[in-house]
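[1] structure for this input, please:
(one chain, ligands or ions: 1)
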Amino acid sequence: MVFLLILALLSIVIITFIGPIVVPPFSFPRNIPTIPFYVSFLGLDQLQLYEKYLREKLEKYGAVKIYFASRWNILVSKPEYLVHIFKNEDIFAKSGNHIKIPKSVLATYTGDNIISAHGDLWRLYRDVVAQSIQFPDLVPIEKNTRDFLKSLEKELQKGPSIFVNDLLQLYSLANVGDCIVGANLTPMHQKIKYIKSQIFKPFFMNFPSVEMFPIPSRIKAKKEVEAFRSWYGEKIKNSTRGAAANLSAALSNGKLTQKQYLDNSIILMVAGHENPLLLMLSLLYVLAKNSCIQEKVRKEGDPYLSAVVYETLRMYPPLNQIINRCTTQATILGNIYIPKGVYVGYYNMGTGRDANFWESANEFKPERWGSTSEEISANYSKAKRMGTLPAFHGRKRACLGEKFALYECKMFVQAVLGKYKISLDDTWKERITPAGPICPVNMKLRFSNL
Ligand code: HEM
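    Next comes the predicted model:
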């Protein structure tokens, strides 16, 4: 009797709590494969995970079912499907962390903002900040790049090899602060780093819904995040230029609430420096691995440098897995039936490395983009249009900071290669990040004067 009771209880626990994690909902499409739920917990980096569990299935079906962030999702890589999703914005509607995982520390940090909002709210936020992002003041980048080189030189007095992350983050913050936000963000570097370390805890990134429960460490993290947001909002409020000035004017005249003001202020700072930082790190990584490419960039400059950047975006897309859209009605994607209320995301690395669309997809070959400026930029535009390079998304919701990011990244590479030869430090274990954004982890580089 007792045995039967235990068995019954165990079955209830399995059906209620474990079943929904192990098996996708019955309403999910049957004609695409399921990635075993445990792969996110194996601690593999994203390249290993892609090669071992995703590549074959994505190349064959263009989409898979995957467990991520406390739910089952559909992850898409086929360019044709991506274009369809980007075109049908009202069916595959943005539904960011503030809706998906509302009580999480991450959602507390970034809230409801221009990247994650849909419809009228998105239009409102865009109206306030788009101009400052699309038409930034690019002048300060030159001085910031000189300052970066000085800091690098100082750091290198301690020895020829250094961990580059911190210096680059400071550089990236300086640029977005001076050019887009309209405030000096560099004194906030340490605080921003600390807040990031509180948010990105691997267990809670995989199971964010656990943060609904009163876990002391997460309650503390949320309080710290809230305090930082208020502090940051006050710091940039009196700015007289850039997005900060527009945001605080919108707050004063009642166009934005205090929360909307903070949500959007934070996201511009976060996306505006983190995303270019990822790309700069990956650029240094591919260049450090290949001295011939360094030499060619030095000799030819642009347009070859542009081809190197595009090739890096293809193989190491800064934002790899983005799952922030939810179907507003049942719909068909190619031959896949998707019910209403399902989260659909895209997988940039899968698209960029898909052998159906890229020849020698696993080879880093900047030459594939062409040899003249016209050819390279035409191929880049075509890849974006066809959905074969979605690193900056596409169509109506495409990244507003693309031009700025590409400009600063190219200036940065030219400055570094103009002074140094770089290589990977022998003691650094080559590894890219395990989830979400892509960049080499804690990379150490060796610099030698030219
Ligand atoms: C290498 C650097 C960058 C990459 C790879 C990148 C990538 C992306 C991607 C993939 C999206 C679409 C996200 C989604 O599907 O939800 C996006 C949107 C966006 N990005 Fe970027 N981004 C970069 C730099 C920047 C910078 C510097 C800013 C400046 C603040 C910025 C501001 C935005 C905004 C405002 C949107 C939302 C646009 C909209 O929905 O209207 N990004 N970005």
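
[2] what is the mean pLDDT for the helix or strand hosting residue 48?
    Here residue 48 sits within helix 46-49, counting by DSSP states H and E. The pLDDT scores in helix 46-49 average 94.

[3] only alpha carbons, please: show that helix as PDB.
    The C-alpha coordinates for helix 46-49 follow below in PDB (Å, rounded to 0.1, in the frame of the first residue of the first chain):
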ATOM      1  CA  GLN A  46      28.500  27.100 -28.200                       C
ATOM      2  CA  LEU A  47      30.700  25.700 -31.000                       C
ATOM      3  CA  GLN A  48      30.900  22.300 -29.400                       C
ATOM      4  CA  LEU A  49      27.200  22.300 -28.700                       C
END
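
[4] nearest residue to the closest residue to the ligand within the stretch 1-150 of the chain other than its sequence neighbours?
    For the stretch 1-150 of the chain, the residue closest to the ligand is residue 115, as judged by C-beta to the nearest ligand atom, at 4.2 Å. Using the backbone N, CA and C atoms, a C-beta is placed for each residue, glycine as well. Distances taken as C-beta to C-beta, 6 or more residues apart in numbering place residue 267 nearest to residue 115, at 5.8 Å, with adjacent residues excluded.

[5] distance of that neighbour relative to residue 252?
    Computed with C-beta to C-beta, to the nearest Å, the distance linking residue 267 and residue 252 is 20 Å.

[6] who's more crowded, the two?
    Ranked by neighbour count (other C-beta atoms under 10 Å), residue 267 and residue 252 place residue 267 first, with 22 against 11.

[7] was I right to think that one contacts residue 117?
    No. Here residue 267 lies out of contact with residue 117, judged by C-beta atoms under 8 Å, at a distance of 10.0 Å.

[8] residue 174 reaches residue 144, doesn't it?
    Yes. The criterion here is C-beta under 8 Å, and residue 174 meets it with residue 144 at 4.5 Å.

[9] for residue 169, which non-adjacent residue is spatially closest?
    Among residues not flanking residue 169 along the chain, residue 277 sits closest, at 5.6 Å (C-beta to C-beta, 6+ apart).

[10] what's around the one you found, how many residues?
    24.

[11] would it count as being in a helix?
    Yes. Per DSSP: H, G, I helix; E, B strand; the rest coil, residue 277 lies within a helix segment.

[12] is it true that it touches residue 167?
    No. Using C-beta under 8 Å, residue 277 makes no contact with residue 167, being 10.5 Å away.

[13] low-confidence ranges, the chain, go.
    Along the chain, the model assigns pLDDT under 70 to residues 1-5, 7-17.

[14] whichever residue of it sits closest to the ligand and residue 273: what is the separation?
    Proximity of the chain to the ligand (C-beta to the nearest ligand atom) peaks at residue 401, 2.2 Å away. Here the criterion is C-beta to C-beta. By it, residue 401 lies 10 Å from residue 273.

[15] of the two, who's got more company?
    Shown here are residue 401 and residue 273; by other C-beta under 10 Å, residue 273 has more neighbours (25 against 20).

[16] I figured that one hits residue 179, correct?
    No. Judged on C-beta under 8 Å, residue 273 makes no contact with residue 179 at a distance of 10.8 Å.

[17] buried ones in stretch 35-46, by neighbour count?
    Judged by neighbour count (16 or more other C-beta atoms under 10 Å), stretch 35-46 contains these buried residues: 35, 37, 40, 44, 45, 46.

[18] so what's the second one closest to, chain neighbours aside?
    If you skip the residues right next to it in sequence, residue 37 has residue 67 as its closest partner in space, 4.2 Å away by C-beta to C-beta, 6+ apart.

[19] tell me the residues of the stretch 1-150 of the chain that contact the ligand?
    114, 115, 126, 133 (C-beta under 6 Å from any ligand atom).

[20] could you redo the last one with a cut-off of 8 Å?
    94, 96, 114, 115, 116, 122, 126, 129, 130, 133 (C-beta under 8 Å from any ligand atom).

[21] one more: the stretch 351-450 of the chain?
    Residues of the stretch 351-450 of the chain lying near the ligand (C-beta under 8 Å from any ligand atom): 390-393, 396-402, 404-406, 408-409.

[22] is it possible to mark the buried ones in the residues you listed?
    Among these, those scoring as buried are 390-393, 397, 399-402, 404-406, 408-409 (criterion: 16+ other C-beta under 10 Å).

[23] send me whichever helix or strand residue 418 is part of as CSV with only the CA atoms.
    Using DSSP H and E, residue 418 sits in helix 402-419. The C-alpha coordinates for helix 402-419 follow below in CSV (Å, rounded to 0.1, in the frame of the first residue of the first chain):
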residue,chain,number,x,y,z
GLU,A,402,24.9,48.6,-36.9
LYS,A,403,26.6,51.5,-38.6
PHE,A,404,28.0,52.9,-35.4
ALA,A,405,29.2,49.4,-34.3
LEU,A,406,30.9,48.6,-37.6
TYR,A,407,32.6,52.0,-37.7
GLU,A,408,34.0,51.8,-34.2
CYS,A,409,35.1,48.1,-34.6
LYS,A,410,36.9,48.9,-37.8
MET,A,411,38.7,51.9,-36.4
PHE,A,412,39.6,49.8,-33.3
VAL,A,413,41.2,47.0,-35.4
GLN,A,414,43.1,49.5,-37.6
ALA,A,415,44.5,51.2,-34.6
VAL,A,416,45.6,47.9,-32.9
LEU,A,417,47.1,46.4,-36.1
GLY,A,418,48.8,49.7,-36.9
LYS,A,419,50.9,49.3,-33.8
